[in-house]
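Asker: Okay, predicted coordinates and the sequence, questions at the end:
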Amino acid sequence: MQLGVLALQGDFYLHFERIRELGIDAAYVKKPNELWECHGLIIPGGESTTL
């Protein structure tokens, strides 16, 4: 299983490192075509990025 971390703003690298510490494969996602490799997506951010 590979989780993607949306790498556009915020402290996305902290999320990436924590996922790796848990033993989960992670990848930075910067472009839509990179989503195909991921089983889930982490969207870091605060209130300004609420969907």
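Answerer: Cool, got the structure.

Asker: Specify the local secondary structure of the nearest residue to Gly45 once chain neighbours are set aside.
Answerer: Nearest in space to Gly45, with sequence neighbours left out and distances taken as CB to CB, 6 or more residues apart in numbering, is Gly10 at 4.7 Å. Using the backbone N, CA and C atoms, a C-beta is placed for each residue, glycine as well. The three-state label given to Gly10 by DSSP: H, G, I helix; E, B strand; the rest coil is coil.

Asker: Please verify my assumption that Gly10 contacts Pro44.
Answerer: Yes: using CB atoms under 8 Å, Gly10 is in contact with Pro44, at 4.4 Å.

Asker: Show me where the chain has its strands.
Answerer: In the chain, the strands defined using DSSP state E lie at 2-6, 25-29, 40-42.

Asker: Switch those over to TSV; also include mean pLDDT, distance to Arg18 and mean neighbour count.
Answerer: Formatted as TSV, the strands of the chain follow (pLDDT from 0 to 100; distance: least, CB to CB, whole Å; neighbours: other CB atoms under 10 Å):
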stretch	mean pLDDT	distance to Arg18	mean neighbour count
strand 2-6	94	10	20
strand 25-29	95	9	17
strand 40-42	93	9	14
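
Asker: Can you lay out those as CSV showing distance to Phe16?
Answerer: Listed next are these as CSV, based on distance: least, CB to CB, whole Å:
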stretch, distance to Phe16
strand 2-6, 5
strand 25-29, 5
strand 40-42, 8
